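*Asks:* Here is a sequence together with a model predicted from it:
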Amino acid sequence: MILHSIRFRLQIWHGLILLAVLTGFGAMAHRMAWDDELRAVDRELEQRAAMLFRPMGPRPGPPGERPPGGLMPPPPFARREGQARLIQSIEEASGGPYYFVFFDTDGSVLKSTAQEPIPMPETLAATRAHGPFPAMAGAARTRGTNRESYRVLPFGDMMLVGRSIAPELSEMRAFAFSLAAGGGALLVIGLVGGWVLASRAMRPIGAISATASRIAGGDLSQRIPAAQTEDELADLASVLNSTFERLEESFQRQARFTADASHELRTPVTVMLSQLQMSLARERSAAEYRETLLACQRAAQRMRKLAESLLALTRLEAGEEKIRHDRFELSQVAEESVELVRARADERGVALRCDLDPAECTGDADRVAQVVTNLLDNAIRYTPKGGEVRVATARNGRGAKLIVSDNGEGIPAEALPHVFERFYRADKARAITNGGGAGLGLAICQAIVQAHGGSIGVKSELGQGSEFTVTLPDQ
Ligand code: ADP
């Protein structure tokens, strides 16, 4: 389980990288220190050798028996004498930590102060073909726990100075140990720090998943606590919180919608049932049966209208309703809608005034006509006798605008933000006595207008009247 956790995997990577970096740095530091150490030993051995050559006399002289190879000018005396002087110098300098080996040109040892036989340096042995040593610059080698510095002398013989580097080696071992200890301590600190940081970074994720599982368990009111989150996770938390919020809202809307819809359906069903029960209770006259059937028909019509409205609304909101994209004249659509409602307006004693300027737009003329008729219907319904309803159309940029206004009852300020919601009625009693619907008319208007990419708004003052404005873009 823990092996699959992000924190554990982060920690493993972090640990491996830290280990690689520390090992790399440690190895480099050890290498540089060892090189420094060897250079110091080499310098010391060279100085030692130089002290041996001092009695060999001043430099330079005429070229000797063989070219010096630019290493050391030939001394002004003969080879044998030079060798004898060097052997003497070696004898005088023997003792102490240093040992000297003097090889003749044929590779035989002329003088050695070492305890054991010292082999010739491999590079020289390989290139020397039965003659004097080849010319070369001063060189050094490590042989076991010894460091040796050697050089070819002017006559082609070879001199080697060496000493044990056991103290340096044990010093380097101690240094390597302290490097490893320091590196190990750093690794532990890094791992502990990394674990603490990773735990802290992961904590909000724990809070997020706990909240999400509580929500999945059915408690939609749960939110991620803001204090638990920091940095980038705060953004994630706020996105998730707003998603949860919308989810909760949508569930609540859905629940409200179902409750409202069943409530609206229950009324006509109740009417039908009570009418039928009453007439079935005893024998009735034909006129009474007819009365009952008419009441049932009205209830059924109301249910059909409700079902149709709900279906239309659902399909519009789901984007399933096909919206045509034709060019049409909005003023003409408005005029036709006015003619459709004129009889009702006359019946209620409400005057209809038109102010229709040409306004071409793109969309579904039938659907837009449905919007205009709905708005006019409402305006007539909520305007008392003697009132006036106005319809105006005009160009609006590249699109069109329609205004339906009345000087009727108006809408209370607290109801204004809700009039486009499904099943919302500002005053239920007023709507029903006025012959209003289930509160779906404006919701359908809004869904149609939004499907056209337009907008619908309302301004109203209680007792003064209302004004609905629809804008349709030129798509
Ligand atoms: P309804 O089917 O009840 O008419 P609507 O969705 O068409 O439903 O309207 C919602 C509510 O908005 C109505 O119940 C009514 O209170 C209010 N309303 C709509 N139009 C007007 C208007 N022109 N004047 C006053 N109130 C209105």
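*Replies:* Done, it's in.
*Asks:* Quick check: the residue of the stretch 51-200 of the chain nearest the ligand.
*Replies:* Closest approach of the stretch 51-200 of the chain to the ligand (C-beta to the nearest ligand atom) occurs at residue 200, with a separation of 52.9 Å. No exception for glycine: its C-beta is placed from N, CA and C like everyone else's.
*Asks:* now the stretch 1-150 of the chain
*Replies:* Closest to the ligand within the stretch 1-150 of the chain is residue 6: 51.6 Å, counting by C-beta to the nearest ligand atom.
*Asks:* ok so, going back, in three-state terms, how would the residue of the stretch 51-200 of the chain closest to the ligand be classified?
*Replies:* When classified by DSSP: H, G, I helix; E, B strand; the rest coil, residue 200 comes out as helix.
*Asks:* Chain neighbours aside, what residue packs nearest to the residue of the stretch 1-150 of the chain closest to the ligand?
*Replies:* The shortest distance from residue 6 to any non-neighbouring residue, by C-beta to C-beta, 6 or more residues apart in numbering, is to residue 202 (6.8 Å).
*Asks:* Can you get me a residue count around residue 310?
*Replies:* Residue crowding around residue 310 was assessed by other C-beta atoms under 10 Å; the count is 21.
*Asks:* Could you tell me the model confidence score at the closest residue to residue 93 other than its chain neighbours?
*Replies:* In this structure, residue 93 finds its nearest non-sequential neighbour in residue 52, 6.1 Å apart by C-beta to C-beta, 6+ apart. Note on residue 52: pLDDT of 83.
*Asks:* how far away is residue 52 from residue 448?
*Replies:* 111 Å (C-beta to C-beta, to the nearest Å).
*Asks:* Neighbour count: these two, which is higher?
*Replies:* Each of residue 52 and residue 448 has its neighbours counted (other C-beta under 10 Å); residue 448 has more, 26 against 20.
*Asks:* residues from the protein in reach of the ligand?
*Replies:* Within the chain, the positions near the ligand by C-beta under 6 Å from any ligand atom are 378-379, 382, 406, 408-411, 419, 424-427, 431, 436-443, 466.
*Asks:* Just the buried residues of these.
*Replies:* Among the residues of the chain next to the ligand, the ones that count as buried by 16 or more other C-beta atoms under 10 Å are 378-379, 382, 406, 408-411, 419, 424-426, 431, 436-443, 466.
*Asks:* related to what we said a few turns ago, shouldn't the residue nearest to residue 93 be in contact with residue 151?
*Replies:* No - counting by C-beta atoms under 8 Å, residue 52 sits too far from residue 151 to count as a contact (10.9 Å).
*Asks:* Residue 303 contacts residue 267, doesn't it?
*Replies:* No - counting by C-beta under 8 Å, residue 303 does not reach residue 267; the two are 9.2 Å apart.
*Asks:* hey, what's the closest residue to residue 162 other than its chain neighbours bridged with?
*Replies:* Take residue 162 and drop its neighbours on the chain: the residue closest to it by C-beta to C-beta, 6+ apart is residue 148, 3.5 Å away. Beta-bridge partners recorded for residue 148 (DSSP bridges): residue 141, residue 162.
*Asks:* okay, now residue 148: neighbour count?
*Replies:* 22.
*Asks:* Tell me who's in contact with it.
*Replies:* Residue 148 is in contact with 45, 118, 121, 140, 141, 142, 160, 161, 162, counting by C-beta atoms under 8 Å, 6 or more residues apart in numbering.
*Asks:* before we move on, what SS does the residue lying closest to residue 99 once chain neighbours are set aside have?
*Replies:* Nearest residue to residue 99, sequence neighbours excluded (C-beta to C-beta, 6+ apart): residue 114, at 4.0 Å. Using three-state DSSP, the structure places residue 114 in coil.
*Asks:* Verify the contact between residue 114 and residue 102 for me.
*Replies:* No - with contact defined as C-beta under 8 Å, residue 114 does not reach residue 102; the gap is 11.0 Å.
*Asks:* Looking at these two, which is more packed in?
*Replies:* More crowded of residue 114 and residue 102, by other C-beta under 10 Å: residue 102, with 21 against 16.
*Asks:* show me the residues around the closest residue to residue 97 other than its chain neighbours that make contact.
*Replies:* Leaving aside its sequence neighbours, residue 97 sits nearest to residue 163 (C-beta to C-beta, 6+ apart; 4.6 Å). Counting by C-beta under 8 Å, 6+ apart, residue 163 touches 41, 45, 97, 98, 99, 146, 147.
*Asks:* Of those, keep whichever come out buried.
*Replies:* Among the contacts of residue 163, those scoring as buried are 41, 45, 98, 99, 147 (criterion: 16+ other C-beta under 10 Å).
*Asks:* tell me the two of those residues that are most distant?
*Replies:* The most widely separated members of the buried ones among the contacts of residue 163, counting by C-beta to C-beta, are 41 and 99 (13.8 Å).
*Asks:* Residue 189 sits in which helix or strand?
*Replies:* Element membership for residue 189 (DSSP states H and E) is helix 166-216.
*Asks:* Quick check: which helices or strands does that helix pack against?
*Replies:* Using 3 or more C-beta pairs under 8 Å, 6 or more residues apart in numbering; DSSP states H and E, the elements in contact with helix 166-216 are helix 6-53, helix 231-281.
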